[in-house]
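Visitor: Got a predicted structure plus its sequence, pasted below:
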Amino acid sequence: MTEHVSVRMTLLDAQIVDRDRLPIGRVDDLELFFPPDGGPPQIARVLTGSQALGKRIGGVIGRWLTSMSARLRRPGSRAGPSTFDAGLIADTKPMVRLRVQADELEGIAGLERWLASRLVERLPGTGHADK
Amino acid sequence: MNRAFAFTLGTLSAIGGFIDIGDLVADAQVGARFGLRLAWVSLFTVAGIMCFSEMAGRVALKTQRPALALARSRLGPRFGLFGLIGSLLVTALLVMAELAGVALAFQLATSVHYLLWVPVALALVLLVVWKLPFEVMERVYGLLGLAMLVFVVAVWQLDPDWSQLWSSATTPAPTGRETWATYLFFLVALVGAQMTPYEMFFFSSGAVDHRWRPKDIKVMRANVIVGFPLGGILAVAIQAVAFLVFFEAGVRVEHLSQTALPVAVALGKIGLVVAIVGIFAATFGATLETLFASSYDTAQYFGWSYGKVQPPARAARFTTVMLALLFAAAALALTTLDPITVTIVAVVCSASLLPFLFLPVLLVANDRELMGELANGRLSNAVGFATVTVSVIVAALAFPLLILTKGGTV
């Protein structure tokens, strides 16, 4: 029980950054794993993105956020909120830092990549041209 | 970091944040209708915004993160989302009003209708956002904004009867021809115009972008102590000159040119030119601040990468939010909606959001686990709590008064 409470205070809603401290998203929800022998629950996966966030917010706005986010995601990606394995977490203080780079995470921050390649990098004066 | 230039963050927060289109409109209207009878409000707003900017700045120094970004972990995602949606709606209105203010400054200088200048103002904002580094941006507009001091000079030049000014300032009640409802309505408008929450966000996000550390606490406090009272003095000066020129004649301020007119009366063409430069800098600086503050706010809530420190393509969602807000605001400005009316509505809505944005900052700054020795002391908590209490009352009064007085027009 104590672990559950502390996870809620320290992990839930925390900022996630990648190995190079590039912000990726927030810990929008957690998937717990209950060991069959009845031991304390462990964190299996971290859910991040508006699809998971919407479910926690609930109500009209929450449902809208979830369905918008689900629709925006690429058709190829599996249904359900985007997640990554909790084993990728290197550090949780002061924020959740991962062992990998953002680009190595499949299906995470898809909107960021889509907007970068389809919109922002195509605008004059941005992207690789002069930076 | 260059200490002399470290001050400019505060100056910009003061000039572009404290004095923006909201003050240029609300202060001039208040001065023309109530004289200095609402000047005391600035004592409260300056103390409140100083307290909360210092708090937000302190959180940023200690944690390298803006206060509102931390609030979500404390208050949960719902509370934060409410404040976020509210402030995005208000910001869209404010950015529209600021952009129109930039265009109106051009109109004052050229006599060409402001709607034709809106696209020019938009292009200028895009150019600056895209091409100028954060520090150059705030220095240029902070320094240009000092031109607003011409309003203080104009007070002296108009050679007022000082005892009349003093007796007006010490009479906290409506004048004979006004009602208590309009008096209270303009009180709310002044609070909304002077305590705009984006000042606080911009200040703390700027502190993060500057990579300020706990050792920079003196520079941060100096910025707060110099910057915001300067803004408060300017606000009262705008009220005073409008009082001296318009009150007797019973003229109501319905156009931005009327804000600048008393300066022209006092100081002639040169004064007018300086005032136009000041108005341009204040509204342009505020356009950038409101735009950045609300995009920062959105990005931090969702945990996206953000900021002038990341190239646009590394912060694509942040950049998209900012562009969408900017274009929506420009489109709104081109609908010929009266910028003065929009400004008054925006500052009143902004006043009603204050408790939702102040409370999280107060909570985070009190978190000893997070803040350690930099957690709030008694003074911060006393002023902070008083400010939150008053802002709750102001927020509750905002919409009833807006409807009752028809936006102060009766």
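Guide: Great, that's in hand. Residues are numbered from 1 along each chain as shown, chains lettered A, B, ... in the order given.
Visitor: Not counting its neighbours along the chain, what's nearest B:L334?
Guide: Leaving aside its sequence neighbours, B:L334 sits nearest to B:V118 (Cβ to Cβ, 6 or more residues apart in numbering or on different chains; 5.7 Å). Yep, even glycine has a C-beta here, placed from its N, CA and C like the rest.
Visitor: again, but for B:L404
Guide: Of all residues not flanking B:L404 in the chain, B:A181 sits nearest, at 5.4 Å (Cβ to Cβ, 6+ apart).
Visitor: Equivalent analysis for B:S257, please.
Guide: Nearest to B:S257 is B:L108, by Cβ to Cβ, 6+ apart, at 5.7 Å.
Visitor: So, low pLDDT: which residues of chain A?
Guide: Across chain A, the ranges flagged by pLDDT under 70 are A:1-6, A:74-79, A:125-131.
Visitor: redo that, cut-off 50
Guide: Applying pLDDT under 50 to chain A picks out residues A:1-3, A:127-131.
Visitor: how distant is the strand or helix carrying B:V59 from the center of its chain?
Guide: In the assignment (DSSP states H and E), B:V59 maps to helix B:41-63. Offset of helix B:41-63 from its chain centre (Cα atoms, centre = their mean, to the nearest Å): 13 Å.
Visitor: and that helix, what does it pack onto?
Guide: helix B:67-110, helix B:180-194, helix B:197-209, helix B:217-242, helix B:339-365, helix B:368-371, helix B:378-404 (3 or more Cβ pairs under 8 Å, 6 or more residues apart in numbering or on different chains; DSSP states H and E).
Visitor: Those into JSON lines, with extra columns for distance to B:R252?
Guide: Converted to JSON lines, the helices and strands packed on helix B:41-63 look like this (distance: least, Cβ to Cβ, whole Å):
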{"stretch": "helix B:67-110", "distance to B:R252": "17"}
{"stretch": "helix B:180-194", "distance to B:R252": "12"}
{"stretch": "helix B:197-209", "distance to B:R252": "28"}
{"stretch": "helix B:217-242", "distance to B:R252": "10"}
{"stretch": "helix B:339-365", "distance to B:R252": "11"}
{"stretch": "helix B:368-371", "distance to B:R252": "48"}
{"stretch": "helix B:378-404", "distance to B:R252": "18"}
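Visitor: which one of these has the most crowded surroundings?
Guide: Greatest average neighbour count among the helices and strands packed on helix B:41-63 goes to helix B:197-209 (a mean of 27), per mean count of other Cβ atoms under 10 Å in any protein chain shown.
Visitor: so that one versus helix B:339-365, what angle?
Guide: Interaxial angle of helix B:197-209 relative to helix B:339-365 (axes from the mean of the first three to the mean of the last three Cα atoms, to 10 degrees): 50 degrees.
Visitor: got the CA positions of helix B:197-209 in CSV?
Guide: Extracted as CSV, the C-alpha positions of helix B:197-209 are listed here (Å, rounded to 0.1, in the frame of the first residue of the first chain):
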residue,chain,number,x,y,z
PRO,B,197,-0.8,36.1,-15.2
TYR,B,198,1.3,35.8,-18.3
GLU,B,199,3.8,38.3,-16.7
MET,B,200,4.4,35.7,-14.1
PHE,B,201,4.7,32.8,-16.5
PHE,B,202,6.9,34.8,-18.9
PHE,B,203,9.1,35.8,-16.0
SER,B,204,9.6,32.3,-14.7
SER,B,205,9.9,30.7,-18.1
GLY,B,206,12.5,33.4,-19.0
ALA,B,207,14.4,32.5,-15.8
VAL,B,208,14.5,28.9,-16.9
ASP,B,209,15.5,29.8,-20.5
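Visitor: any idea of the angle the lengthiest helix in chain B forms with helix B:67-110?
Guide: What stands out as the longest helix in chain B, according to DSSP state H, is helix B:256-302. Interaxial angle, helix B:256-302 versus helix B:67-110 (the same axes, to 10 degrees): 150 degrees.
Visitor: Now do helix B:256-302, average pLDDT.
Guide: Mean per-residue pLDDT for helix B:256-302: 89.
Visitor: Run the chain-centre distance for that helix.
Guide: 10 Å.
Visitor: Buried residues, the following helix or strand past that helix. List them.
Guide: Using DSSP H and E, the helix or strand that follows helix B:256-302 in sequence is helix B:316-333. Neighbour-count burial for helix B:316-333, counted by 16 or more other Cβ atoms under 10 Å in any protein chain shown, picks out B:316-323, B:325-326, B:329-330, B:332-333.
Visitor: ditto for stretch B:243-259
Guide: Residues of stretch B:243-259 classed as buried: B:F243, B:L244, B:V245, B:F246, B:F247, B:V253, B:H255, B:L256, B:S257, B:Q258, B:T259 (neighbour count, 16+ other Cβ under 10 Å).
Visitor: The first one contacts B:R33, correct?
Guide: I take that to be B:F243. No. With contacts counted by Cβ atoms under 8 Å, B:F243 stays clear of B:R33, the gap being 9.1 Å.
Visitor: ok, the strand or helix carrying A:T66 near chain B or not?
Guide: Using DSSP H and E, A:T66 falls within helix A:59-72. Yes. Contact of helix A:59-72 with chain B (Cβ under 8 Å from any Cβ of the partner chain) involves A:I61.
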